[in-house]
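Enquirer: the sequence and its predicted three-dimensional model are supplied below.
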Amino acid sequence: MTDNCNGDEADVFQPFIVGTKNTPSNKTQGKVVVGGNLWCTNRFDYWTYPAGGNPESSLKAAPTEPHGQSVSIAK
């Protein structure tokens with residue numbers, strides 16, 4: 001994963017692969033990784049998985065240095 005706010009570097013603490021394979025009853029692998037990029041102030045990004053590269057999008061008004069984020073999946 002890279003990010004355009006700090007050259008080509010990203011420091012994502014506790015990334016999370018979004019998808020239903022995260023639960024025991026589902027077999028579909030996620031296609032997005034989300035996480036806070038600690039090298040870029042106020043960034044919580046969404047990267048294509050497994051391709052990586054720069055983020056596809058970012059959370060608007062993300063908290064500063066989002067350590068220990070959690071992900072909620074609504075159905």
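Expert: Received the coordinates, thanks.
Enquirer: by mean pLDDT, flag the weakest helix or strand of the chain.
Expert: strand 16-18 (a mean of 79; mean pLDDT, DSSP states H and E).
Enquirer: what number of residues lie near the residue lying closest to Asp3 once chain neighbours are set aside?
Expert: In space, and not counting its chain neighbours, Asp3 is closest to Ala10: 4.3 Å by Cβ to Cβ, 6 or more residues apart in numbering. From N, CA and C alone the C-beta is placed, and that goes for glycine too. Per other Cβ atoms under 10 Å, the neighbour tally for Ala10 reads 23.
Enquirer: list the beta-bridge partners for the most centrally placed residue in the chain.
Expert: The chain has Val34 as the residue nearest its centroid, 1.4 Å off, counting by Cα atoms, centre = their mean. Under DSSP bridges, the beta-bridge partners of Val34 are Phe16, Tyr46.
Enquirer: before we move on, the earlier item: for the least confident helix or strand of the chain, which helices and strands make contact with it?
Expert: strand 32-36 (3 or more Cβ pairs under 8 Å, 6 or more residues apart in numbering; DSSP states H and E).
Enquirer: can you list contacts of the strand it packs on?
Expert: 1, 12-19, 43-49, 56, 62-63, 65-67, 69, 71 (Cβ atoms under 8 Å, 6 or more residues apart in numbering).
Enquirer: tell me the mean pLDDT for it?
Expert: Averaged across strand 32-36, the pLDDT comes to 86.
Enquirer: how far is it from where the chain is centred?
Expert: Centroid separation for strand 32-36 versus its chain: 1 Å, with Cα atoms, centre = their mean, to the nearest Å.
Enquirer: mind listing what's buried in it?
Expert: Val33, Val34, Gly35, Gly36 (16 or more other Cβ atoms under 10 Å).
Enquirer: so what's Ala74 scoring on pLDDT?
Expert: pLDDT recorded at Ala74 is 58.
Enquirer: hang on, I meant Thr48
Expert: For Thr48, pLDDT reads 90.
Enquirer: low-scoring stretches of this protein, by residue?
Expert: Scanning the chain for pLDDT under 70 picks out 20-26, 65, 67-75.
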